[in-house]
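>>> got a sequence here, can you build the structure:
(chains A and B)
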Amino acid sequence: MNKESNIEIILTEEPLSVEACQEFVSEANVGGIVHFIGTVRNETKGKKVTHLDFEAYKPMAISEMKKIALQALENYPIQKITLHHRLGKLNIGEIPVIIAVSSAHRVAAFDACQFAIDTLKETVPIWKKEYLEDGEVWVSATP
Amino acid sequence: MKVKVLCFGITKEILGGFEKEIELLEGDTVSALEAKLLADYPDFSKLTSLRIAVNEEYGNNDQILTERDEVVLIPPVSGG
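Reported below is the predicted structural model:
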């Protein structure tokens, strides 16, 4: 089985598509698909957020996302996995990240999807700046 | 030797630009670069963490840097 053909990584300035993710992971032998869709929230720690700005160290972000996808295929009995991440300015309600996982049985897809988003948030060199009513802050940069 | 360092996120603001040349000694390691940055730019001590990538992989503390390496400062990531 060719593992590379069962993963897809996209890092883009364009709006993300849940349908495109679903289409990639769909196969005849799949019994379920789990999506994680991250969305931009309108508040943080009680402060109103106006928008977010995402930037990435692109080549390494892509290679770290690829490692996560390959690791997920290795660790869980899943069929396919795709990770899409958006960059640039995002407004409230827009989608910065989608992860889709397909498998024969649902538990593996839920577990692999959780693993993928948790690991993405720890290892992938992407940063977001929150623009608040009274200023701007790089998320998680300082305690 | 001069090592070119690329900065993302908050490190861009601490160093005052996307790209900086840092003067290191031959044989200096990732740890030595980190120590020099902390000494020259005390604001680095405010960060929750700082990792240094070398040629698109997370670097090890004892990894020796050369002028040809692509060195990138990785403050706490916040994707997703």
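>>> let's verify A:Ile98: helix, strand, or coil?
Under the three-state scheme (DSSP: H, G, I helix; E, B strand; the rest coil), A:Ile98 adopts strand.
>>> go ahead and confirm A:Thr123 touches B:Gly79.
No. Between A:Thr123 and B:Gly79 no contact is recorded; they are 9.2 Å apart, counting by CB atoms under 8 Å. The C-beta positions use only the backbone N, C-alpha and C, and glycine is treated the same way.
>>> which one of those two has more residues nearby?
When A:Thr123 and B:Gly79 are compared for neighbours, B:Gly79 comes out ahead with 27 against 19, by other CB atoms under 10 Å in any protein chain shown.
>>> that one and A:Thr119, how far apart?
Distance from B:Gly79 to A:Thr119, counting by CB to CB, to the nearest Å: 11 Å.
>>> list the residues that contact both of these two?
Shared between the contact lists of B:Gly79 and A:Thr119 (criterion: CB atoms under 8 Å, 6 or more residues apart in numbering or on different chains) there are no residues.
>>> what helix or strand is the closest residue to chain A within chain B on?
Nearest residue of chain B to chain A (CB to the nearest CB) works out as B:Gly79 at 3.1 Å. Element membership of B:Gly79 [criterion: DSSP states H and E] is none; it lies in no helix or strand.
>>> check it and give its pLDDT.
Confidence per residue is given as pLDDT, and for B:Gly79 that number is 97.
>>> near chain A, which residues of chain B are found?
Taking CB under 8 Å from any CB of the partner chain, the part of chain B that reaches chain A is made up of B:6, B:8-10, B:13, B:46-48, B:53, B:56-57, B:72, B:74-80.
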